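Novice: task: produce atomic coordinates for the following.
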Amino acid sequence: MADLLNQHLFGTMFSEGFTMIIKSDNLFESKFDYVKRELAGKNVIHVGCVDHIGLIQDKITLLSD
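Specialist: Alright, predicted model coming up:
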């Protein structure tokens, strides 16, 4: 799974439907709290909402119809 995730993160593989399972010991922890906890003390660049370059024009067209 780690290799597949790395391929997506580094752009060598793309899937519009890629999902990953986040395992937490706390059943009530939100995905946002999980990410904040895992990244605490690390340097992170937040790029906001981004998309694959090949999908952007399709989505703009879809939203303008």
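Novice: what about the longest helix in this protein?
Specialist: helix 53-64 (DSSP state H).
Novice: who does that helix touch, helix- and strand-wise?
Specialist: Helix 53-64 makes packing contacts with no helix or strand when contacts are defined by 3 or more Cβ pairs under 8 Å, 6 or more residues apart in numbering; DSSP states H and E. Quick note: C-beta positions are derived from backbone N, CA and C, even for glycine.
Novice: what residues does that helix touch?
Specialist: F14, E16, D51 (Cβ atoms under 8 Å, 6 or more residues apart in numbering).
Novice: now those in TSV, with pLDDT?
Specialist: Below are the contacts of helix 53-64 laid out as TSV (pLDDT from 0 to 100):
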residue	pLDDT
F14	77
E16	73
D51	70
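Novice: ok, so of those residues, who is nearest R37?
Specialist: Of all the contacts of helix 53-64, D51 has the smallest distance to R37: 26.3 Å, by Cβ to Cβ.
Novice: how many residues are close by the closest one?
Specialist: Neighbour count of D51, defined by other Cβ atoms under 10 Å: 10.
Novice: how far away is it from S24?
Specialist: Separation of D51 from S24 (Cβ to Cβ, to the nearest Å): 27 Å.
Novice: do the same with I45
Specialist: As defined by Cβ to Cβ, I45 lies at a distance of 24 Å from S24.
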